[in-house]
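Student: here is my input, please return the structure:
(4 chains)
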Number of protein chains: 2
Amino acid sequence: MIEEPKGQAMQLDGRLSRMMHLLIHMDRANGPITSGEAAEMLHTNPVVIRRTMAGLRDVGFVRSIKGHAGGWTLLKPLESISMLDVYKAVGQPRIFAIGLADPAPDCLVEQAVNASMTSALEKAEALLIAQLGEVTLAAIAKDFDRRFSASCANSP
Amino acid sequence: MIEEPKGQAMQLDGRLSRMMHLLIHMDRANGPITSGEAAEMLHTNPVVIRRTMAGLRDVGFVRSIKGHAGGWTLLKPLESISMLDVYKAVGQPRIFAIGLADPAPDCLVEQAVNASMTSALEKAEALLIAQLGEVTLAAIAKDFDRRFSASCANSP
DNA sequence: TTCATATGTAATGTCTGAAGTTACATATAT
DNA sequence: ATATATGTAACTTCAGACATTACATATGAA
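Tutor: A predicted model of the protein is given here:
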């Protein structure tokens, strides 16, 4: 049997999923969480945390405090933050990996192809955005609680 | 409202749109189209054409003939080829540029985040696949005919 | 003040996959 | 034979997220 390398898959933009993860941890924390602590939680680097959290700070979801006893604090309740809010806060990353070869071609055939492709992609994007808007971080946190209870049920 | 930066063409996978474009041209052509001719149509390289068309040949949509008077020929009517068929033929490229930071995390919080993300992405993907399945290349070719007539109406 | 601690950010390196390119082997009409 | 075409391997290029290094700046405590 051939061993699959599979250390990490492809180069996906994980900012949305990472920030959701972190915000829920921050809601659970007592005091501020430092970039170093957050980096450990997300298995990444403190600078990556600061860089990505900057967007969340800009829209007022979190606050950062420098120096001793500093770190990051959640400012808004999870009920008020949807997945879509986080998506926007991290800069609305490009959604699709597939797309048009040329967005403004001279060829009328390619224009017709682009029209069909764009129509399909836009519908899928609209549904995704709608889905992201329907789920709050509080709902995800609640799902976590359910999973946590279930995992504890298996321990004496 | 957040203004999207929305720059130029990034690193998108254009194989689906390119092959659709080319197949419609092949349907319009009298004889075989060479990789060189196709490359000019798509503003790319003959090797890229051969590489990508190989998938379409494997599923029987086209045939390639070597040597003098060789090239690529369409084997099936555009009515019988959907966008989804082409998508599959080019290897079902990855659809999304966003995704999970870690597909199999230990952290239960991240597992809950992943569940929500996956749910949203899967619904959007299902809709996209459905859209691709509903449109044949013949329908796109017909749309081209409309555009062509419209463009001729502006000429004496 | 002095110093350990944290964030802010620029600069640089790493990684991945489509696309582009070069080179050459192979097949086929004339 | 030769010109023409495909088939592939083996590169290079490119873009963007992520990782890392380095240093400036701010802050609380001894």
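
Student: around DNA strand C, pick out the residues from chain A.
Tutor: With Cβ under 7 Å from any atom of the strand as the criterion, chain A meets DNA strand C at residues A:7-11, A:32-36, A:46-47, A:50-51, A:53-54, A:57, A:64-72, A:101. The C-beta positions use only the backbone N, C-alpha and C, and glycine is treated the same way.

Student: just the ones in strands from those residues, please.
Tutor: Among the residues of chain A next to DNA strand C, the ones falling in strands (DSSP state E) are A:Ser64, A:Ile65, A:Gly71, A:Trp72.

Student: PyMOL command for the buried members of these?
Tutor: Buried residues within those, by 16 or more other Cβ atoms under 10 Å in any protein chain shown, are selected in PyMOL with:
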select buried, chain A and resi 64+71+72
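
Student: checking A:Arg94 next. Helix, strand or coil?
Tutor: coil (DSSP: H, G, I helix; E, B strand; the rest coil).

Student: selecting buried members of the residues of chain A next to DNA strand C in ChimeraX, what would you type?
Tutor: Selecting only the buried entries of the residues of chain A next to DNA strand C in ChimeraX, with 16+ other Cβ under 10 Å as the criterion:
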select /A:32,33,34,35,53,64,71,72,101
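
Student: elements contacting the helix ranked longest in chain A?
Tutor: Ordering each helix of chain A by length in residues (DSSP state H) puts helix A:108-134 first. Where contact means 3 or more Cβ pairs under 8 Å, 6 or more residues apart in numbering or on different chains; DSSP states H and E, helix A:108-134 is packed against helix A:83-89, helix B:15-28, helix B:83-89, helix B:108-134, helix B:137-152.

Student: please identify the deepest-packed of the ones you listed.
Tutor: With neighbours defined as mean count of other Cβ atoms under 10 Å in any protein chain shown, those peak in mean count at helix B:15-28, which reaches a mean of 24.
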